[in-house]
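Undergrad: Could you work out the structure for the sequence below:
(chains A and B)
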Amino acid sequence: MPSWSAQVRVTVGLVTVLAMVGSVFAQRPRDSVLLEIGFGGEIVANRWNPLRLTVRDQPNAVLEIVMDQGSLRQGEVPMIYRAVIGGGTGTTVFEDDIFVPAWRQLSWTVSRAGAVLASGSLSSRERDERLLNLLVTRQPGAWRGLFDPDDRVTEVAAPALPGRAASYNGVNSLLVDGTAAAPRTTSVAAAAAAGTTVRLVPELPPSHRDLELLAPPGVHRLGAGWLIRADPAAPQAFEIGRTLLATDLLTILDDTTTVAVPPHIPQMFVMVAAAVYAILMLVMVRFFGTPGILAALSLTLLVSLASWRALRPAAALIETSFHLELASGDLAYRLGLRKILTLPAGPVTVGAAVRPDLPRTITITPDATEFSLPRWHQATLIDRPRVVPASLVWNGALLENRSALSFPLVVVKGLGPQPELHPGQTLIPRPGEDQELPSTLRTVLNRVPVGSAVAVRDSHLFVAFPDAVLAAAARLW
Amino acid sequence: MTLTLLGLLERRLQRSDMVQIFTLSFAALIFVVTTRWPVPEATANEAWFALAQSRLVVLGLLALGFGSAYARRPGQHQAVTGLAIVVFALLTIPLDVATFAASMPAVPLWWTLVLPLVDTIALFGIGLLLGRLMGALRLTALLPVAVPALLIGFVALDVQLGLNVLNPLTASVNYAPAHLAAMAVTAAATAGYLLRVYPQDRE
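TA: Model prediction:
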């Protein structure tokens, strides 16, 4: 019988071995595939959201996200996002922006040659359309009080802020207090230009020097949004709800943009022409013998060719597009809307990642969109928003055309129509004479703040927001 | 031989039965085009779909009807009558092309140019067979009923079997290679038969 001390030794030995084995299993390898949609896992439904896929030591794979927007009545209406991810040894990071509709079921897979490497899903209960408020801070609790209880507030690490404007489509505000690592200037600029209200505390640490250059103290517009370098706890007088404004303007464009449907020849003309042709054929065949038959057959060919040329629409796919640029500072937030009318039924491919305005079965890749349309049907597609250099912009009290083309029609809200603005030209707006304005322009003018300049050129609409000081002055005009 | 054939065709086309039937057929097709042509405010032009089906039905009925009626006539009469119906099919092409151009369907243009001609010849051959069969069964009096019944039977059979081989209505507006292949084989057999019997009877 073993002694008591021997039993203790055996027990201690077993515990040691188990602890060693346990420690080996406790060191879990990092996930070989990691998908992140939204900021900190917070997805804003019906908005463009950032997407980041990290793949470690995996060969080429395909990411597929299926977002079913259907209902029990409609059945499945999947919006499919598909991207080919170049893999290999080491870490591969794929980033893009994805439009996430109000999904009923969202599932994703990363697969290779039919083998699923990783997958996941979200149910409709996790769907939330409220805009996000992002905090780049180590003290989130200090700022929570600024927000309403119903607001969506989430902390986000500075490196996780993308430099793409579309990523911030579902972001209402971004607060940087300098306690965490500094975000990249491009990310902050993209957020502001995309319409987010970016708040920076007045005193930033030296690590945030680049941000100080971007946002000097005070309130500034940039693109469609704001850069506020002031006490975040101060009343947010300048929050104008940019995302709502952009969506609002896009709705106006949607209502006023129409596809030119090929005109139809009147029925009466068709009937008379067909009747004349038929009588002519019958007469030639009946009364003119063999020459009549041969002439009738020749005429058949000629009439076919003539009717083809006269009635064939110029294109099988008719596309009308409209762009809207919301500018201030040096940047503009560019929104695009295109309407496609296809005459024959079939697949339609658009050479860009766009989203439909209504739920429809659609496949989106990083640089193309594919869907099917019945014949003579129209689809409205909305481009992924992006930031571009401003074309029409306020430079102090001067209105400046920085584009390569002139603006034949410029209107400043509060002052009226202005003279034509040529490329590179600036003008000091003066009260203009009243004139009949296009309905789209009138509607847009009703929605933008006083002092905004609105210009129309072909299918582009440019809005130059006044800076805060100018806007205040414009109210006095 | 060519001149003789043209001469026979000329006489066949000048006979009152042909002229009346062609006039009625033209009237029917023009009625279809006019009623299905969109008003200026409408978006879609769907005229071709109605016309293509109507045209194929009209040509099919003519081919089956004349084929079955001429089944026991001399081969020369059969060949010239078949050719006369093909001429009518050619004369109605502009209506098809005009509506096709305006409607922009998904099928290619050659489909609507080739299929009606192939179907017309094939159905004429099937009509010849039908006439012989009804004659052998001493049911020639039922031919006016048998002709549309056969066409309806083709449609029903395809619908029942879930195929698109015999049904000219579906094939006229949808790309159906199986239908074209089946009808092309039948049309080739019909043409071969008519080319064989035409000179024999002529002698």
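Undergrad: measure residue B:45 to residue A:312 for me?
TA: To residue A:312, residue B:45 is 11 Å away according to CB to CB, to the nearest Å. All C-beta atoms are positioned from the backbone trio N, CA, C, and that covers glycine.
Undergrad: can you list residues touching both of those two?
TA: Counting by CB atoms under 8 Å, 6 or more residues apart in numbering or on different chains, the common neighbours of residue B:45 and residue A:312 are B:102, B:104.
Undergrad: So which of the two has more stuff around it?
TA: Using other CB atoms under 10 Å in any protein chain shown as the criterion, residue B:45 and residue A:312 rank with residue B:45 on top: 25 against 18.
Undergrad: Where does residue B:49 sit: helix, strand or coil?
TA: For residue B:49, the assignment made with DSSP: H, G, I helix; E, B strand; the rest coil gives helix.
Undergrad: now it, nearest residue through space, not along the chain?
TA: Nearest non-adjacent residue to residue B:49, counting by CB to CB, 6 or more residues apart in numbering or on different chains: residue B:173, 5.2 Å away.
Undergrad: residue contacts, the closest residue to residue A:350 other than its chain neighbours?
TA: Spatial nearest neighbour of residue A:350, excluding adjacent residues (CB to CB, 6+ apart): residue A:369 at 4.5 Å. The contact partners of residue A:369, taken as CB under 8 Å, 6+ apart, are A:349-350, A:352-354, A:362-363, A:381.
Undergrad: List, one by one, the residues from chain A near chain B.
TA: A:261, A:263-267, A:270-271, A:274-275, A:277-278, A:281-282, A:285-286, A:289-290, A:293, A:296-297, A:300, A:303-304, A:307-308, A:310-313, A:316, A:343-346, A:375-376 (CB under 8 Å from any CB of the partner chain).
Undergrad: Give me the below-cutoff pLDDT ranges for the chain.
TA: Just so you know, I chose chain A. A:1-6, A:8, A:10-31, A:233-245, A:468-477 (pLDDT under 70).
Undergrad: if you could check chain B rather than the one you did, that'd help
TA: The model of chain B has pLDDT under 70 over residues B:1-3, B:200-203.
Undergrad: Could you pick out the residues of it near chain A for me?
TA: B:6-7, B:9-10, B:13-14, B:19, B:22-23, B:26-27, B:29-30, B:33-34, B:37-40, B:42-46, B:87, B:90-91, B:93-95, B:97-98, B:101-106.
Undergrad: In helices, which of the residues you listed appear?
TA: Members of the residues of chain B next to chain A lying in helices (criterion: DSSP state H): B:6-7, B:9-10, B:13-14, B:19, B:22-23, B:26-27, B:29-30, B:33-34, B:87, B:90-91, B:93-95, B:97-98, B:101-103.
Undergrad: Give me the buried entries from those residues.
TA: Neighbour counting by 16 or more other CB atoms under 10 Å in any protein chain shown classes B:6, B:9-10, B:13-14, B:22, B:26, B:29-30, B:33-34, B:87, B:90-91, B:93-95, B:97-98, B:101-103 among those as buried.
Undergrad: which of the residues in the helix or strand hosting the residue nearest to residue A:350 are buried?
TA: Per DSSP states H and E: residue A:369 is located in strand A:368-373. Within strand A:368-373, the residues that qualify as buried are A:369, A:371, A:373, counting by 16+ other CB under 10 Å.
Undergrad: One more: stretch A:104-116?
TA: A:104, A:106-110.
Undergrad: Next: stretch B:163-182.
TA: Buried residues in stretch B:163-182 (16+ other CB under 10 Å): B:164-173, B:176, B:179-180, B:182.
Undergrad: In three-state terms, how would the residue nearest to residue A:151 when sequence neighbours are not counted be classified?
TA: Once flanking residues are discounted, residue A:151 sits nearest to residue A:133: 5.6 Å by CB to CB, 6+ apart. Following three-state DSSP, the label given to residue A:133 is strand.
Undergrad: how many neighbours does the residue of the stretch 351-477 of chain A found nearest chain B have?
TA: Closest to chain B within the stretch 351-477 of chain A is residue A:376: 3.4 Å, counting by CB to the nearest CB. Residue A:376 has 20 neighbouring residues, counting by other CB under 10 Å.
Undergrad: That one contacts residue B:48, correct?
TA: No: if you go by CB atoms under 8 Å, residue A:376 and residue B:48 don't touch, sitting 11.7 Å apart.
Undergrad: For residue 56, pull up the helix or strand it's in.
TA: As the question left the chain open, I've gone with chain A. strand A:47-58.
Undergrad: oops, I was thinking of chain B
TA: helix B:47-69.
Undergrad: list the helices and strands that helix packs on?
TA: Packing contacts for helix B:47-69, counted by 3 or more CB pairs under 8 Å, 6 or more residues apart in numbering or on different chains; DSSP states H and E, involve helix B:16-36, helix B:75-91, helix B:93-103, helix B:109-136, helix B:143-161, helix B:168-173.
Undergrad: Let me know the angle separating that helix from helix B:93-103.
TA: Using axes from the mean of the first three to the mean of the last three CA atoms, to 10 degrees, the inter-axis angle of helix B:47-69 relative to helix B:93-103 is 150 degrees.
Undergrad: now helix B:47-69 against helix B:109-136, angle please.
TA: 30 degrees.
Undergrad: Check which residues of helix B:47-69 are buried.
TA: Under the neighbour-count criterion of 16+ other CB under 10 Å, helix B:47-69 has B:47-69 buried.
Undergrad: and what of stretch A:397-411?
TA: Across stretch A:397-411, burial judged by 16+ other CB under 10 Å covers A:399-403, A:407, A:409-411.
Undergrad: who's in contact with the closest residue in space to residue A:439 that isn't next to it in sequence?
TA: Excluding the flanking residues, the one nearest residue A:439 by CB to CB, 6+ apart is residue A:256, at 6.7 Å. By CB under 8 Å, 6+ apart, the contact list for residue A:256 reads A:439-440, A:443.
Undergrad: one more time with 10 Å, if that's ok
TA: Contact analysis of residue A:256 by CB atoms under 10 Å, 6 or more residues apart in numbering or on different chains lists A:322, A:438-441, A:443-444, A:461.
Undergrad: mind checking the backbone torsions on it?
TA: Per-residue torsions, residue A:256: phi -100, psi -10 (degrees, to the nearest 10).
Undergrad: got it, and the one 3 residues further on?
TA: Residue A:259 has phi and psi values of phi -90, psi 130 when expressed as degrees, to the nearest 10.
Undergrad: For it, grab the count of nearby residues.
TA: There are 15 residues near residue A:259, going by other CB under 10 Å.
Undergrad: Kindly report the same for residue A:431.
TA: There are 12 residues near residue A:431, going by other CB under 10 Å.
Undergrad: Need the nearest residue in space to it, chain neighbours excluded.
TA: residue A:415 is the one closest to residue A:431 (CB to CB, 6+ apart), at 5.2 Å.
Undergrad: Pull the number of nearby residues for residue 183.
TA: Reading this off chain A. Neighbours of residue A:183 using other CB under 10 Å come to 24.
Undergrad: think we crossed wires, I meant chain B
TA: Neighbour tally, residue B:183, other CB under 10 Å: 27.
Undergrad: Could you look up the SS state of it?
TA: Applying three-state DSSP: residue B:183 is helix.
Undergrad: Just give the closest residue to it, not the sequence neighbours.
TA: Closest residue to residue B:183 apart from its sequence neighbours, by CB to CB, 6+ apart: residue B:122 at 4.2 Å.
Undergrad: Tell me the spacing between the one you found and chain A.
TA: 21 Å (CB to the nearest CB, to the nearest Å).
Undergrad: how many neighbours does that residue have?
TA: By other CB under 10 Å, the burial measure for residue B:122, its neighbour count, is 26.
Undergrad: ditto for residue A:426
TA: 16.
Undergrad: so residue A:455 is in which element?
TA: strand A:453-457.
Undergrad: Next, the angle from the very next helix or strand once past that strand to strand A:453-457.
TA: Next helix or strand after strand A:453-457 toward the C-terminus (DSSP H and E): strand A:460-464. Counting by the same axes, to 10 degrees, strand A:460-464 lies at 160 degrees to strand A:453-457.
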